[in-house]
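A.B. asks: This is a predicted model, with the sequence first.
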Amino acid sequence: DAGVTQSPTHLIKTRGQQVTLRCSPKSGHDTVSWYQQALGQGPQFIFQYYEEEERQRGNFPDRFSGHQFPNYSSELNVNALLLGDSALYLCASGGTSGSRTDTQYFGPGTRLTVL
Amino acid sequence: QKEVEQNSGPLSVPEGAIASLNCTYSDRGSQSFFWYRQYSGKSPELIMSIYSNGDKEDGRFTAQLNKASQYVSLLIRDSQPSDSATYLCAVRRYKLSFGAGTTVTVRA
C-alpha cells in the first residue's frame, strides 16, 4: 500500500521564479492538504483540496495556488518566489473531508531553497 | 495568542524515564487532537490521535485530553534513544493547526 508521495525531493530556485510541487495521496484517500514548514517551526496550513476544489485556505497570499486532479493527486504552485518561501513543503492526505476522526498522513516533503 | 502552544523544550530525559509533553490550544470548538513525531530532516509521523476527554494508551505512549482546560499532553514511558525527535501537537476544528514542537533528547 503506497503512502503519500511527493516530488521532487529537493528544489533550488531564484527569487521571482515560479515552482510547481506534486503530491499523490495515500491509496483510498481523497483529500489533499499542503503545509509549509519553516526551520524550527511547526507546519503551517496552506490549503486543502477535496473533489478538485479548494475547500479551506490558511493565511497565505494568492501567490500560492493549487490544483487537484480527478485521480486525487495535487499540485502546489508558488509564483514570484521570495527568500522567505524557503521551507519544507509537506503534502498530507486524508479520508472523507470533514470527518472528526479523519487522520492526515504526511508525505516525505519537498525541500525548497530560494536563492 | 497562538492557536497551539507547546512547552518550548528542549527536553532531555535519561533512558528508561518518562517524558512529559504539554500542549494548550485556543479554539474551544476543536474536536480532534493529534501528536506527531518528526525526526530531523524527515516529515511528521502520526503517533497518537485522541477525540474525547480522558486518557488513551498505545504501547509506551499515553495521550491525555482535557477540553475544559484546553489541554493535551503526551507521556512517553520507558523512553528510548530512538524516541529522540521533535514532537508536534496538532489540533483541528476545520483545519489542522500545529504547535512549534518540543524537541526531546533521550540520553543513554
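C.D. replies: Noted; the coordinates are in hand.

A.B. asks: hey, let's count contacts and neighbours off CA atoms from now on
C.D. replies: Will do.

A.B. asks: ok now do residue A:104, which residues does it touch?
C.D. replies: Neighbour list for residue A:104: A:92-95 [criterion: C-alpha atoms under 8 Å, 6 or more residues apart in numbering or on different chains].

A.B. asks: So for it, what's the pLDDT?
C.D. replies: Residue A:104 is assigned a pLDDT of 88 by the prediction.

A.B. asks: For chain B, what lies in contact range of chain A?
C.D. replies: By the rule C-alpha under 8 Å from any C-alpha of the partner chain, the part of chain B lying against chain A is B:31-32, B:42-46, B:51, B:88, B:94-101.

A.B. asks: List the contacts of residue A:106.
C.D. replies: With contacts defined as C-alpha under 8 Å, 6+ apart, residue A:106 is in contact with A:4, A:90-93, B:43-45.

A.B. asks: If we use 6 Å, what do you get?
C.D. replies: Going by C-alpha atoms under 6 Å, 6 or more residues apart in numbering or on different chains, residue A:106 touches A:91-92.

A.B. asks: distance of the closest residue to chain B within chain A from residue A:64?
C.D. replies: Nearest to chain B in chain A, going by C-alpha to the nearest C-alpha, is residue A:42, at a distance of 4.2 Å. Distance, residue A:42 to residue A:64, by C-alpha to C-alpha, to the nearest Å: 19 Å.

A.B. asks: Looking at those two, which one has more neighbours?
C.D. replies: Neighbour tally, residue A:42 and residue A:64, criterion other C-alpha atoms under 10 Å in any protein chain shown: the higher count belongs to residue A:42, 23 against 15.

A.B. asks: Shouldn't that one be within a strand?
C.D. replies: No: counting by DSSP: H, G, I helix; E, B strand; the rest coil, residue A:42 falls outside a strand, being coil.

A.B. asks: just checking, it touches residue B:102?
C.D. replies: No: counting by C-alpha atoms under 6 Å, residue A:42 stays clear of residue B:102, with 9.8 Å between them.

A.B. asks: Kindly supply the PyMOL command isolating those of the residues of chain B next to chain A that are buried.
C.D. replies: Buried subset of the residues of chain B next to chain A, written as a PyMOL selection, criterion 16 or more other C-alpha atoms under 10 Å in any protein chain shown:
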select buried, chain B and resi 31+32+43+44+45+46+51+88+95+96+97+98+99+100+101
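
A.B. asks: Next, the distance between the ends of stretch B:7-24.
C.D. replies: This stretch, stretch B:7-24, spans 9 Å end to end (C-alpha to C-alpha).

A.B. asks: Now that stretch: average pLDDT?
C.D. replies: The pLDDT scores in stretch B:7-24 average 94.

A.B. asks: ok, and for it, which residues are buried?
C.D. replies: Within stretch B:7-24, the residues that count as buried by 16+ other C-alpha under 10 Å are B:7, B:11, B:13, B:15, B:18-19, B:21-24.

A.B. asks: do stretch B:72-86 as well
C.D. replies: Using 16+ other C-alpha under 10 Å as the test for burial, stretch B:72-86 gives B:72-77, B:79-80, B:83-86.

A.B. asks: now stretch A:21-31
C.D. replies: So for stretch A:21-31, counting by 16+ other C-alpha under 10 Å, buried means A:21-26, A:29-31.
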